[in-house]
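**Q** prediction below, plus the sequence it came from.
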Amino acid sequence: MAKSRAQKKAERKAREEAERKGQGVPESDSQAQHDTQVPKSGDIAEIEAVEAGIAAGASEEALETPDAPKKSRIESREEKRKKKEAEKRAKAEQKQKEEDLLAKRAEAAKGERKRSGVIAFLASCIAELRRVQWPDRETLIQATAVTLVFVIVAALYLGVLDLAFNWLVQRVI
């Protein structure tokens with residue numbers, strides 16, 4: 001029976017360890033082979049690992065092993081071409097949806113334009129007021145206080161400047 005790389009490596013490590021201990025040769029090479037014996041084949045273990053990875057949410061491309069057969073250039077180009085076509089289709093569908101939405105909005109706007117000026121203005125005001133995000137009581141009180149304080153500070157500043165310039169103009173004349 002041919003030995004796998006793992007078995008050969010285990011035998012080599014066992015020999016090196018035995019040499020370090022001064023024993024010479026390990027008791028049996030079959031023990032190292034037995035220690036590295038895998039109950040299932042590597043292919044089955046790889047398939048189970050890939051399935052577990054997919055179940056965990058990873059893509060198949062991310063789970064490919066380095067020794068997995070590579071796709072030919074033709075296959076990879078074909079996949080890229082199909083992916084680009086799918087992206088183009090998705091973009092075209094999105095664009096079509098946006099155009100349909102714009103058409104609906106334009107049609108709704110035409111319906112509003114048929115009303116007389118005052119009624120259309122009032123209807124648009126009501127529609128706009130429905131979209132307003134009204135502040136709660138605390139925010140309203142705080143914003144009012146900030147506004148009043150700013151107005152008082154600005155009035156005092158301008159009043160002081162007016163007195164100063166008035167005094168200066170009186171002195172010059």
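**A** Yes, it's here.
**Q** mean confidence for the host helix or strand of residue 152?
**A** Secondary structure assignment for residue 152, by DSSP states H and E: helix 137-172. For helix 137-172, mean pLDDT is 96.
**Q** low-confidence ranges in the protein?
**A** By pLDDT under 70, the low-scoring segments of the chain are 1, 23-42, 50, 59-69, 111-115.
**Q** most remote residue from it's center?
**A** residue 173 (71.1 Å; CA atoms, centre = their mean).
**Q** name the residues of stretch 15-24 that are buried.
**A** Buried residues in stretch 15-24, counted by 16 or more other CB atoms under 10 Å: residue 15. All C-beta atoms are positioned from the backbone trio N, CA, C, and that covers glycine.
**Q** alpha carbons only: can I get that stretch in PDB?
**A** The C-alpha coordinates for stretch 15-24 follow below in PDB (Å, rounded to 0.1, in the frame of the first residue of the first chain):
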ATOM      1  CA  ARG A  15      12.600   8.900  13.300                       C
ATOM      2  CA  GLU A  16      14.000  12.400  14.100                       C
ATOM      3  CA  GLU A  17      12.400  12.300  17.600                       C
ATOM      4  CA  ALA A  18      13.800   8.800  18.200                       C
ATOM      5  CA  GLU A  19      17.300  10.000  17.100                       C
ATOM      6  CA  ARG A  20      17.100  12.900  19.500                       C
ATOM      7  CA  LYS A  21      16.200  10.600  22.300                       C
ATOM      8  CA  GLY A  22      19.100   8.300  21.400                       C
ATOM      9  CA  GLN A  23      17.000   5.300  20.600                       C
ATOM     10  CA  GLY A  24      18.100   5.000  17.000                       C
END
